[in-house]
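Enquirer: Okay, here's the prediction I keep looking at, along with the sequence it came from:
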Amino acid sequence: MLRILIDDIIVPRTFEDVPIIALTVLGVVILKAGMQFLHGFFGGRLGNFLAYRLRNACYEKLQFLSFRYYDTAKTGDLMSRLTGDLEAIRNFIGFGFAQILNMVLMVVFGAIMMMTMSWQLTLFTLICIPLLAFVALRFESKIHPAFQEMRLALSSLTTAVQENITGVRTVKSFAREPYEVEKFSTRNERYKTNQIHAATLWSRYFPIMEILASVSIVLLLVIGGRMVIQKTLTLGELVAFFSLIWYIIGPMWNLGFHINNYTQSKASGERVLELLNTPVDVEETQDPVIVEADQVNGHVTFESVTFAYGNKMPAVTDINFDAAPGSVIGFLGGQGLVNRPSFSF
């Protein structure tokens, strides 16, 4: 439109066609506004619907996991997966993915329109784009592990707060406040270090990407201006080039933000899928045996039982006792060494 406005209207001074151009631009702006509304409306619905389904799936999975899983799982970590991680996934699916698709379409459209006007100027202008893509991919390879570690640190921090609040009476009874404060400070320091590391990576790579994008504009002005002087390019085409280059430079400037959003959602998705793919140790058979309440006597016998958490040393070794119905049995031993494993059987 800018090329037509300059070359076909302003230069030959045929101003009677200006209202047609103005109405065309107005129609394009209205269409763009409508598409942005649809993007926000349907993107928000899709993101929230997916988060709703994943949240229900995760909660349902937690109901069927065995006791062995809860022996090692931490409540704060599970809460972090069902809140922060699902929120990151919702934001990317609802808005981030559409923005990446929009970025690709804008780059392709801008490059095609520029090639139709002058393929030589297009190649000179886009000479920095492969280098920019290389820097962006390298940034993604660095920032993704940082976000994974950040999510783990946040889960650890949340777990410390949850355990302290839940067991605050025990903490106060044994005067363990200084220990809990030190434990929280250590985990908070880890989270802060991860945040600073991610910010350092961002500050290191983002200026490089912005400089490479700005070089394309400099090349356009220098080479394009020379071509206009030599009459191999019209003034309208140069102005149109300067407008179209932002269809490529604009998305490239935001490439770091899109990579940031993508890597956060990727790290969150891995944590959510880890929960959903956790195997269930005890599964119901296709033909279960129904036991009536009056058929259960409640008689439990332990014979040469040894128990350990995972690959750790046994918590109890070769214990034998008989729990008759209605009997009361007392356990003596170190805190958590006998009582908890026995009652977990």
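Expert: That came through fine.

Enquirer: In three-state terms, how would the spatially most central residue of the chain be classified?
Expert: For the chain, the residue nearest the mean C-alpha position is S265 (1.3 Å; C-alpha atoms, centre = their mean). Under DSSP: H, G, I helix; E, B strand; the rest coil, S265 falls in the helix class.

Enquirer: Run a quick check on it versus G84, I expect a contact.
Expert: No. Assessed by C-beta atoms under 8 Å, S265 is found out of contact with G84, at 11.3 Å. To be clear about C-beta, it is placed using only N, CA and C from the backbone, and glycine gets the same treatment.

Enquirer: show me the contacts for the residue nearest to the centre of the chain.
Expert: Neighbouring residues of S265 by C-beta atoms under 8 Å, 6 or more residues apart in numbering: 88-89, 91-93, 96.

Enquirer: how about F302, phi and psi?
Expert: phi -100, psi 120 (degrees, to the nearest 10).

Enquirer: Who does it form a beta bridge with?
Expert: F321 (DSSP bridges).

Enquirer: Hmm, I329 and it touching each other?
Expert: No. The criterion here is C-beta under 8 Å, and F302 misses it with I329 at 10.1 Å.

Enquirer: Looking at the two, which is more packed in?
Expert: F302 (15 against 10; other C-beta atoms under 10 Å).

Enquirer: Please report how far the more buried one lies from D322.
Expert: 8 Å (C-beta to C-beta, to the nearest Å).

Enquirer: circling back: not counting residues beside it along the chain, what's closest to the residue nearest to the centre of the chain?
Expert: F92 (3.4 Å; C-beta to C-beta, 6 or more residues apart in numbering).

Enquirer: in terms of contact, does the one you found touch Q264 like I think?
Expert: Yes. The pair F92 and Q264 qualifies as a contact (C-beta under 8 Å) at a distance of 7.5 Å.

Enquirer: Helices along the stretch 51-200 of the chain, start to end?
Expert: Using DSSP state H, counting those that start in this stretch, the helices assigned to the stretch 51-200 of the chain run over residues 67-72, 75-80, 86-91, 97-117, 119-125, 129-166, 168-173, 177-229.
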